[in-house]
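Asker: quick one: sequence and predicted model below, then my questions.
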Amino acid sequence: MTRPAPLVQDIAAGHDADAARGALVFAAAGCASCHTAPKAEDKTLLAGGMAFASDFGTFYAPNISPGAAGIGGWDLPQFARAVREGVSPEGAHYYPAFPYGSYVRMTDADVADLFAYMQTLPASDRVSQPHDVGFPFNIRRGLGLWKVLYMDRSNVMAESADPMLMRGRYLVEALAHCGECHTPRDGLGGLMRDQWLTGAPNPSGKGEIPGITPAQLDWSEGDLVEYFTSGFTPEYDSAGGSMVAVVENLSKLPVEDRQAIAAYLKALP
Amino acid sequence: MKFANIKSLTVLLTVGAVSTASFAASHESKSSNAAVNARHAQMQMVSYSIGLLGAVAKGEMDYSAEMVSSAAKNLQALARMDKASLWIAGTEQGAVDGSRAKAEIWSDPDGFAATFKQMDDAATALIDAADAGAVGAGMGALGGACKACHEKYRGPKN
């Protein structure tokens, strides 16, 4: 029951992988925001090393550049399983500090395009460092049980005929993985989907990550799009902390994508 | 299946704290500390002037050379305010209620000063903005300066 998911061999069969489209997937999914070295200027060098503290220990983002110290030599089925199922090529579970619980909803085409784009990035030879996680959480096999409890491939927002809303749903619930920060978690770290995007305590121990449902955020769609583009709030405060990287990423997408995210947020209960 | 003393797992996405968009209320959040309140007031004045420029850029307010240059000059002045009497040691987030100042302000004073210089430069470039389009073009650098400081030196909402 806790065994890692198998490899799927024919990912995106018949799809011509497009690295240019992959660059947009890369921006929306925010890979560089976690996998570049701390304080790195070059946001294409995915050398890893950034630390993520949690109550289970400190996780260090690995090198995922296309070199031997990163994902060099991986094939698309291995990459797809890593990103969407949280399983390494060796068959070990990844910690959900890596948001595969959101990426599980990525399409085959996007995974293939992303993989193609990542091959074009510079290689780093920085050796990934092990996580600093104590017993019993250092038993990776236990993550298989966590996945059984918490991996939920289904979408949160119901299907609708509105293509902009569905594009927003894909961006929010899969690529941009907003729920990973903006949704509260239970005692085992699973997302509480019935309180989707209603906010959560800040993991640093100081302050709160705000809820972004209409009940909590009364911005218009135009306000949201402006924020995703420039970082300015309607009161001309400016995004800070992690949201700076999010705004930088979202500002690289077509404006229709930012509009779609805004439409999704306004459509939440 | 729960362990006896498990605490909530939450995941940090960047080194240090995660920050978010602020509402106007956070600018007005009262502190028992006068220096913190003064800094919040400084930021309220910043947002007032940026708001004027933003309104012109978006066409919500007619372009006026007098208002644009005045707002830009005020931003310049706000960026140049002397720090010693405002950023008092021991007023970081957690040490004083209402503060969102991160410890890096005091451990990395050169980096902190550089973000104010960025704001100064962006404001200076806007003083002679000749029309709404020029104002709009200059807003990008202004936003970049705001984000640069807030990313490293401002903590999450309280």
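Answerer: Looks like it came in fine. Computed from a predicted structure; not experimentally measured.
Asker: quick one, strands of the stretch 101-250 of chain A?
Answerer: Along the stretch 101-250 of chain A, counting by DSSP state E, counting those that start in this stretch, strands occupy A:132-133, A:200-201, A:208-209.
Asker: who does the second one pair with, and is each partner parallel or antiparallel?
Answerer: Strand A:200-201 has these partner strands in its sheet, going by DSSP bridges: strand A:208-209 (antiparallel).
Asker: residue B:115 contacts residue B:144, doesn't it?
Answerer: No - assessed by CB atoms under 8 Å, residue B:115 is found out of contact with residue B:144, at 10.0 Å. Using the backbone N, CA and C atoms, a C-beta is placed for each residue, glycine as well.
Asker: the closest residue to residue A:30 other than its chain neighbours: neighbour count?
Answerer: Spatially, and ignoring its direct neighbours in sequence, residue A:30 is nearest to residue A:249 (5.2 Å; CB to CB, 6 or more residues apart in numbering or on different chains). Residues near residue A:249, counting by other CB atoms under 10 Å in any protein chain shown, number 22.
Asker: which residues touch residue 48?
Answerer: You didn't pick a chain, so chain A it is. A:35, A:37, A:60, A:61, A:62, A:63, A:64, A:70, A:124, A:126, A:128, A:129 (CB atoms under 8 Å, 6 or more residues apart in numbering or on different chains).
Asker: if you could check chain B rather than the one you did, that'd help
Answerer: Counting by CB under 8 Å, 6+ apart, residue B:48 touches residue A:236.
Asker: cool, residue A:162 as well?
Answerer: residue A:263.
Asker: per-residue confidence for it?
Answerer: Per-residue pLDDT puts residue A:162 at 97.
Asker: next one: residue B:23
Answerer: With respect to pLDDT, residue B:23 scores 43.
Asker: for residue A:22, which non-adjacent residue is closest in space?
Answerer: Distances taken as CB to CB, 6+ apart place residue A:117 nearest to residue A:22, at 2.8 Å, with adjacent residues excluded.
Asker: quick check: the one you found touching residue A:28?
Answerer: No - judged on CB under 8 Å, residue A:117 makes no contact with residue A:28 at a distance of 11.8 Å.
Asker: low-confidence regions, the stretch 151-269 of chain A specifically.
Answerer: By pLDDT under 70, the stretch 151-269 of chain A contains no weakly predicted segment.
Asker: swap in 80 and give it another go.
Answerer: Low-confidence segments of the stretch 151-269 of chain A (pLDDT under 80): A:203-206.
Asker: could you pull out the helices for it?
Answerer: A:163-170, A:179-182, A:221-230, A:242-250, A:255-267 (DSSP state H, counting those that start in this stretch).
Asker: distance to residue B:134 for these - can I get that in CSV?
Answerer: Putting the helices of the stretch 151-269 of chain A into CSV (distance: least, CB to CB, whole Å) gives the following:
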stretch, distance to residue B:134
helix A:163-170, 33
helix A:179-182, 37
helix A:221-230, 16
helix A:242-250, 23
helix A:255-267, 22
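Asker: the biggest helix by length in chain B versus helix A:221-230: what angle between them?
Answerer: Ranked by residue count, the top helix of chain B under DSSP state H comes out as helix B:34-58. Going by axes from the mean of the first three to the mean of the last three CA atoms, to 10 degrees, helix B:34-58 is angled at 100 degrees with respect to helix A:221-230.
Asker: next structured bit after helix B:34-58?
Answerer: Note on helix B:34-58: by DSSP states H and E, the next helix or strand toward the C-terminus is helix B:65-79.
Asker: can you name every helix or strand that that next one contacts?
Answerer: Packing partners of helix B:65-79 (3 or more CB pairs under 8 Å, 6 or more residues apart in numbering or on different chains; DSSP states H and E): helix B:34-58, helix B:109-126.
Asker: would you mark the buried spots in the last one?
Answerer: To tie it back to what came earlier, the one meant is helix B:109-126. B:112, B:115, B:116, B:118, B:119, B:120, B:122, B:123, B:125, B:126 (16 or more other CB atoms under 10 Å in any protein chain shown).
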